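# model the structure of this input:
(2 chains)
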Amino acid sequence: GQQLNQSPQSMFIQEGEDVSMNCTSSSIFNTWLWYKQDPGEGPVLLIALYKAGELTSNGRLTAQFGITRKDSFLNISASIPSDVGIYFCAGHGGTSYGKLTFGQGTILTVHP
Amino acid sequence: EAGVAQSPRYKIIEKRQSVAFWCNPISGHATLYWYQQILGQGPKLLIQFQNNGVVDDSQLPKDRFSAERLKGVDSTLKIQPAKLEDSAVYLCASSLSPGAFPNEQFFGPGTRLTVL
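Residues are numbered from 1 along each chain as shown, chains lettered A, B, ... in the order given. Below you'll find the model as predicted:
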């Protein structure tokens, strides 16, 4: 089945630093989604990408859909303490009826 | 607009007992998903409904798990009997429909199940 490799597994950064995380797949995806999950809550959608090469921003967040359609990255600029959480990438292959495949998550810790 | 609602938020049971979870999707969303999220992992799809029909249940352990969405709105997920390895967060999500653009899934807060 489809698998996503997300890296890094965890990051410890200082407030104000920029953050970058990425996802790679063995299969082509038609849609990439990035979610954030806070403790005790469900994932919240941050950014959705629908075209290869697409670069999309949402405030301090920027994500790109890789040209090969097998990867995506998420950047967070000028991190703040509330950025703490687990970030998941998710891909939709198009052949599976709406099914999303999730990465293992990146745990982000921001020190004030 | 109200989000995806789930209940209960927490449940503790002993192995071999039964448990049921409830989900109410966002109004107008035809597609409903149940995911299992084990600690330290990403969500894994258990079952997907389109209206009240099952679209994908290939990863649902059907010997112990069942789910229904009788009127195409609310859904229940049941585990009977529960095993220790079923301890996880069970997430419900909904989307307009797989063919809709954008096809974005919105998640509820989840039910944290602990099996002792």
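# show me where chain B has strands.
Counting by DSSP state E, chain B has strands at residues B:5-7, B:10-13, B:19-24, B:31-37, B:44-50, B:53-56, B:65-68, B:75-79, B:88-95, B:106-107, B:111-115.
# please see if the worst-scoring helix or strand of chain B on mean pLDDT touches chain A.
Using mean pLDDT, DSSP states H and E, the weakest-scoring helix or strand in chain B turns out to be strand B:53-56, at a mean of 90. Yes: using Cβ under 8 Å from any Cβ of the partner chain, strand B:53-56 reaches chain A at B:55-56. All C-beta atoms are positioned from the backbone trio N, CA, C, and that covers glycine.
# just the CA trace of that strand, in PDB.
C-alpha atoms of strand B:53-56 as PDB (Å, rounded to 0.1, in the frame of the first residue of the first chain):
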ATOM      1  CA  GLY B  53     -23.100   3.200   2.000                       C
ATOM      2  CA  VAL B  54     -19.600   1.800   2.700                       C
ATOM      3  CA  VAL B  55     -17.000   2.900   0.200                       C
ATOM      4  CA  ASP B  56     -13.800   1.400   1.800                       C
END
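# for A:D38, which non-adjacent residue is spatially closest?
Spatially, and ignoring its direct neighbours in sequence, A:D38 is nearest to A:G85 (5.0 Å; Cβ to Cβ, 6 or more residues apart in numbering or on different chains).
# JSON lines for the strands of chain B, including mean neighbour count?
Formatted as JSON lines, the strands of chain B follow (neighbours: other Cβ atoms under 10 Å in any protein chain shown):
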{"stretch": "strand B:5-7", "mean neighbour count": "16"}
{"stretch": "strand B:10-13", "mean neighbour count": "15"}
{"stretch": "strand B:19-24", "mean neighbour count": "19"}
{"stretch": "strand B:31-37", "mean neighbour count": "24"}
{"stretch": "strand B:44-50", "mean neighbour count": "21"}
{"stretch": "strand B:53-56", "mean neighbour count": "14"}
{"stretch": "strand B:65-68", "mean neighbour count": "18"}
{"stretch": "strand B:75-79", "mean neighbour count": "19"}
{"stretch": "strand B:88-95", "mean neighbour count": "24"}
{"stretch": "strand B:106-107", "mean neighbour count": "21"}
{"stretch": "strand B:111-115", "mean neighbour count": "19"}
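# alright, I will stop here.
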